[in-house]
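Asks: 3D model of this:
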Amino acid sequence: MALARQHRRHNGINIWAGFVDALASLLLVIIFVLLSFVLTQFYLGQVLSGRDQTISRLSRQLNEMTDLLDLERRATAELRVNIGQMSQELQASTAERDQLQAKLNESASDHQQLALLQHDIEALKALRDALEQKIAELGARSGEAEGQLRQERKLSEEARAQAALLNQQMEAMRQELNRIAQALDASENLSAEQKVQIAELGKRLNAALASKVEELARYRSEFFGRLRKLVGDRPGIRIEGDRFIFQSELLFASGSAELGEAGQTQLSQLARSMEDFIRQIPTDINWVLRIDGHTDSVPIKGGRYPSNWELSTARAVSVVKFLATQGIPQERLAAAGFGEFQPVDRGSDAQARARNRRIEIRLDQR
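Replies: This next block holds a predicted model:
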């Protein structure tokens, strides 16, 4: 029964361990995706905030430059009007100069007035040249402003394109997150179904194990019943519960793990009595004949075996090998050595030590 409980506990742990690992891995993936999404959102918010500030600053500069360009255009138009007026005045002055020149030829007395008019003409020409130079400078400044305006418009368009691309990426990430959430919901539903299936399988397994344990217990009872009839009242051989016990002195010499002739005879009789019984055990019962070696608590000093553990194990292995030569299936045999650590008698006298030196044979479930 203990082995059956251990088997059920082991299977349950394996099943739940795998399920918990899978669920933990899935949760880690979801947490990682959520963290990535939050970080991406934060980064995109920072980028878009910076881009919006840049666009606002460029828009303000563009508006300022547009206003400045309008002012320069108006000033240029006014200058052109003034130049036109001055040109007209210059033409009129030139006409007057020609008339005065004609009059000068006629009258020398008008020479002084002609000199004054000539001076005025030169002043008007200097003013016209200055105005033309200022118009050229304003035109150059207007061209630079238009170039800078086109550059800023280009940067603004690139920023809008990048913002649109980022929005597309964010939308794709939202869709991916929705898909993962749907997959998680499906996984949770599948997990609930698997829990029901596991519980049902556990019930079936418990029932099957209980049935096999009960059947093995029946065969064990029959096995030890036959052994009781075979053993009778032989000295050094006894049956206690589910254990068939040989005192070590019947099988081995002191400190030795080699079977003596008397021990081989005893084990041969045991093997012959077990042959028919073993054939009757159904093949679906996973049984094993376990040979346990035990010693007393007296420490070993010198010799082939350094401790009681090695001696008890070597004796159990010798019995297993001999039973295998007598027709007991090797795959149904197991050997274990317990040394002096599982005594049947806690006393310290010679009789107690003799009872503790023993070979136990158990029909057990693998």
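Asks: who's in contact with residue 255?
Replies: Residue 255 makes contact with 300, 303-305, 311, according to Cβ atoms under 8 Å, 6 or more residues apart in numbering. (Each C-beta comes from the backbone N, C-alpha and C, glycine too.)
Asks: I'd assumed it was in a helix, is it?
Replies: No. Secondary structure of residue 255 (DSSP: H, G, I helix; E, B strand; the rest coil): coil, not part of a helix.
Asks: quick one: it from residue 299, how far?
Replies: 12 Å (Cβ to Cβ, to the nearest Å).
Asks: quick one on the thing from earlier: make CSV from the contacts of residue 255 and add neighbour count, distance to residue 274 and pLDDT to it.
Replies: Shown next, in CSV, are these (neighbours: other Cβ atoms under 10 Å; distance: Cβ to Cβ, whole Å; pLDDT from 0 to 100):
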residue, neighbour count, distance to residue 274, pLDDT
300, 16, 32, 89
303, 10, 33, 81
304, 11, 30, 89
305, 18, 29, 92
311, 26, 26, 96
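Asks: distance to residue 293 and secondary structure added to those residues, as TSV?
Replies: Conversion of these to TSV gives the following (distance: Cβ to Cβ, whole Å; DSSP: H, G, I helix; E, B strand; the rest coil):
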residue	distance to residue 293	secondary structure
300	14	coil
303	16	coil
304	15	coil
305	11	coil
311	8	helix
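Asks: any chance of JSON lines for the residues you listed, columns distance to residue 67?
Replies: Output for the contacts of residue 255, formatted as JSON lines (distance: Cβ to Cβ, whole Å):
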{"residue": "300", "distance to residue 67": "110"}
{"residue": "303", "distance to residue 67": "113"}
{"residue": "304", "distance to residue 67": "111"}
{"residue": "305", "distance to residue 67": "108"}
{"residue": "311", "distance to residue 67": "109"}
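Asks: what's the closest of those residues to residue 343?
Replies: residue 311 (15.0 Å; Cβ to Cβ).
Asks: show me the contacts for the closest one.
Replies: Residues near residue 311 by Cβ under 8 Å, 6+ apart: 255, 257, 293, 295, 300, 305, 337, 339.
Asks: change it to 6 Å
Replies: 295, 305 (Cβ atoms under 6 Å, 6 or more residues apart in numbering).
Asks: do the one 5 residues further on as well
Replies: Shown here is residue 316, whose contacts under the criterion Cβ under 6 Å, 6+ apart are 291, 293, 335-337.
Asks: phi, psi for residue 283 please.
Replies: When read as degrees, to the nearest 10, the backbone of residue 283 gives phi -70, psi -20.
Asks: stretch 357-366: which residues count as buried?
Replies: Residues of stretch 357-366 classed as buried by neighbour count (16 or more other Cβ atoms under 10 Å): 357-365.
Asks: got a list of what residue 339 touches?
Replies: Counted by Cβ under 6 Å, 6+ apart, residue 339 has contacts 295, 308-309, 312.
Asks: just flag the most distant two among those.
Replies: Across the contacts of residue 339 (Cβ to Cβ), the longest gap, 8.5 Å, separates 295 and 309.
Asks: compare these two (neighbour count), which wins?
Replies: Each of residue 295 and residue 309 has its neighbours counted (other Cβ atoms under 10 Å); residue 295 has more, 27 against 17.
Asks: next, that one: phi, psi?
Replies: phi -130, psi 180.
Asks: coming back round to it: how about the buried residues of stretch 357-366 in TSV, adding secondary structure, pLDDT and distance to residue 38?
Replies: Shown next, in TSV, are those (DSSP: H, G, I helix; E, B strand; the rest coil; pLDDT from 0 to 100; distance: Cβ to Cβ, whole Å):
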residue	secondary structure	pLDDT	distance to residue 38
357	coil	95	72
358	strand	95	70
359	strand	96	69
360	strand	95	65
361	strand	90	67
362	strand	89	62
363	strand	83	63
364	strand	83	58
365	strand	77	55
